[in-house]
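>>> what follows is a predicted structure for the sequence shown.
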Amino acid sequence: MDPEAIRDVFQALGPIRIRRMFGGQGIYRDEVMFALEVRGELYLKADAETLPVFEELSSRPFSYQTRNGRTTVMSYWLMPEGALEDEAEARRLGILALDAARRARTAKPSRRRAKGRVA
């Protein structure tokens with residue numbers, strides 16, 4: 001999925017930034033990564049609060065195999081196909097993902113503090 005198509009899907013969220021990463025693209029709003037594009041599929045950040053929504057939509061989490069053969073499952077869930085064409089649904093799910101990403105960011109200590117430095 002090219003950057004313009006991604007911007008079209010999330011246009012209702014305002015300006016987003018897209019950055020290449022891990023063979024895919026990270027999708028950011030206000031310096032918070034709330035979505036991930038890999039192999040043409042969009043995945044949205046989920047947490048305990050939003051996970052039931054994605055489960056109800058029969059979504060699935062993004063996962064990949066490591067070099068040693070282990071499967072790693074991430075907290076990004078596949079955006080349902082119908083939401084790609086439905087601006088209101090894309091907005092709703094995008095807001096849920098952005099809120100989950102913001103909660104996750106708030107819950108983590110800053111790198112500076114984690115290393116014992118004063119911010």
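Everything's here; your move.

>>> can you get me a residue count around Cys63?
Actually, residue 63 is Ser rather than Cys. By the other CB atoms under 10 Å criterion, the neighbourhood of Ser63 contains 10 residues. The way it works is simple: take the backbone N, C-alpha and C, and place the C-beta from them, glycine included.

>>> er, Glu49 actually
Glu49, neighbours per other CB under 10 Å, totals 11.

>>> over to the one 4 residues further on?
Summarising burial for Val53: neighbours were counted as other CB under 10 Å, giving 17.

>>> ditto for Thr66
When neighbours are defined as other CB under 10 Å, Thr66 has 8 of them.

>>> what's the per-residue pLDDT of Gly23 here?
With respect to pLDDT, Gly23 scores 84.

>>> give me the spatial nearest neighbour of it, chain neighbours excluded.
What sits nearest to Gly23 in space, not counting adjacent residues and going by CB to CB, 6 or more residues apart in numbering, is Val38, at 6.8 Å.
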